[in-house]
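Asks: Structure, please.
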Amino acid sequence: MNPSDPGLRLFDRANRARDSGKPALAESCYRQSLALRKRFLGAGHPAVAESMNRLASLLSERSRYAEAEPLYRQSLALRKKTVGPEHRDVASSLSNLANLLQGTGRSAEAARLYRRSLMLRKKVYGPRHENVALCLMNIAIFLQNTGRKLRAETHFRKALTMLEQTVGSAHPLAAYARANLADFLRLTGRGSEAISLAQKANRDLGRVLPAKHRYVLWARHVLKRVLKVAREPNDRSRRNPLNQCRRVK
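Replies: Numbering: from 1, shown residues only. The predicted structure follows:
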C-alpha cells in the first residue's frame, strides 16, 4: 500500500482490468479504491474525485446511467473546489458528464458542457493537442446524433488529423478516431472510404491493445457493420448513441 495514496494500487488494478475487458473486477477495484481514498485522504481530496470519475465512466459504459451521473457531478464539483474551475481535470469531467447527458437525451446541457470543456482544453493545452482532439471527437458524435451531419464530419476529420499530427497515425487514439469516422461514413453512405478506415483502425489497434480492450471491440464492431452495409447496400441500420464508447480520463 502506498502510504501517500492507499487506494492507488487498487485504482491501477481497476484500470488494467477495464482495459482487459473485465468490467466486474474493474468496478470492484474502483469502489475499493474510492473507499480507501475517502477513509485515509479525506472526502475532499483530488484523488477521491479521480476515483469517482473513473468509476462513473465504467458505469456509464455499462449503461448504468442513474448510478454514473451523481458520481460525475460529485467529481466535477470536487475538482472545481480542489484544483480550480479552469484546471484540465475539470475540462475532463465536463466532457465526461456531457457524454452521459447527450446519451440520455439532454442535448442542451450537453452542448453547454462540451463548449466549456473545449474552451478549457484549448486554454490549458493549446489549440492543437490530443486532448483537444478527443473533445472535438466527442462533439462530432454529439453533432451526428443531433442530426448536424456536415458539422459532425468536419469535427471528425479535424479530430483525426490533429491526432495523427500530435500522437502519430498508428497511435491507438488516432485509430479509435478513425473507427469513429468510418462508422459515420457508413451511416452517410460512403462505404469504400469507411471500409479502408475501419480496416486500418483494426490493424493498428490489434497491434498494441488487448483483444478485449474497449477500443478494439468498438473498431471490430464498426468493421463488421461497414462490411455488412457493403454487402447489403439498402441496410439502414443506425447506431444507438447510448452504446457509443468514449475515452475518458
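Asks: average pLDDT for the one helix or strand Leu173 maps to?
Replies: Assigning secondary structure by DSSP states H and E places Leu173 in helix 172-187. Helix 172-187 carries an average pLDDT of 96.
Asks: so what does it touch, helix or strand wise?
Replies: helix 130-145, helix 149-166, helix 191-208, helix 214-231 (3 or more CB pairs under 8 Å, 6 or more residues apart in numbering; DSSP states H and E). For glycine as for every other residue, the C-beta is placed from the backbone atoms N, C-alpha and C.
Asks: check contacts around Pro46.
Replies: Shown in contact with Pro46 (CB atoms under 8 Å, 6 or more residues apart in numbering): 78-79, 82-83, 89.
Asks: Could you do Leu25 as well?
Replies: 14, 17.
Asks: Let me see the mean pLDDT of the helix or strand that contains it.
Replies: Using DSSP H and E, Leu25 sits in helix 23-41. Average pLDDT, helix 23-41: 97.
Asks: again with stretch 106-119
Replies: On average, stretch 106-119 scores 96.
Asks: which one of the contacts of Pro46 has the most neighbours?
Replies: Highest neighbour count within the contacts of Pro46, by other CB atoms under 10 Å: Arg79, with 25 neighbours.
Asks: pretty sure that residue is in a strand, no?
Replies: No: in this structure, Arg79 is helix, not part of a strand, as judged by DSSP: H, G, I helix; E, B strand; the rest coil.
Asks: quick one: contacts for it?
Replies: 46, 49, 53, 87, 89-90, 93.
Asks: and stretch 142-151, C-alpha only, in CSV?
Replies: The C-alpha coordinates for stretch 142-151 follow below in CSV (Å, rounded to 0.1, in the frame of the first residue of the first chain):
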residue,chain,number,x,y,z
PHE,A,142,-22.9,14.7,-30.4
LEU,A,143,-23.5,16.6,-33.7
GLN,A,144,-24.1,13.4,-35.5
ASN,A,145,-26.6,12.2,-33.0
THR,A,146,-28.5,15.5,-33.2
GLY,A,147,-28.7,15.5,-37.0
ARG,A,148,-26.0,18.0,-37.9
LYS,A,149,-24.1,15.8,-40.3
LEU,A,150,-22.0,18.4,-42.1
ARG,A,151,-20.6,19.9,-38.9
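Asks: Any buried residues in that stretch, and which?
Replies: Along stretch 142-151, these residues count as buried under the neighbour rule (16 or more other CB atoms under 10 Å): 142-145.
Asks: now do stretch 218-227
Replies: 218-223, 225-227.
Asks: How about the backbone phi and psi for Arg106?
Replies: When quoted as degrees, to the nearest 10, the phi and psi of Arg106 stand at phi -110, psi 70.
Asks: measure it to Glu69 for me?
Replies: Separation of Arg106 from Glu69 (CB to CB, to the nearest Å): 10 Å.
Asks: Neighbour count for the two, which is higher?
Replies: Between Arg106 and Glu69, Glu69 has the larger neighbour count (other CB under 10 Å), namely 17 against 13.
Asks: Work out for me the element that one sits within.
Replies: Element membership for Glu69, per DSSP H and E: helix 65-83.
Asks: and the angle from that helix to helix 23-41?
Replies: Interaxial angle of helix 65-83 relative to helix 23-41 (axes from the mean of the first three to the mean of the last three CA atoms, to 10 degrees): 30 degrees.
Asks: Outline the domain layout of the chain.
Replies: 1-83, 132-249 (automatic domain parsing).
Asks: Brilliant, that's me finished.
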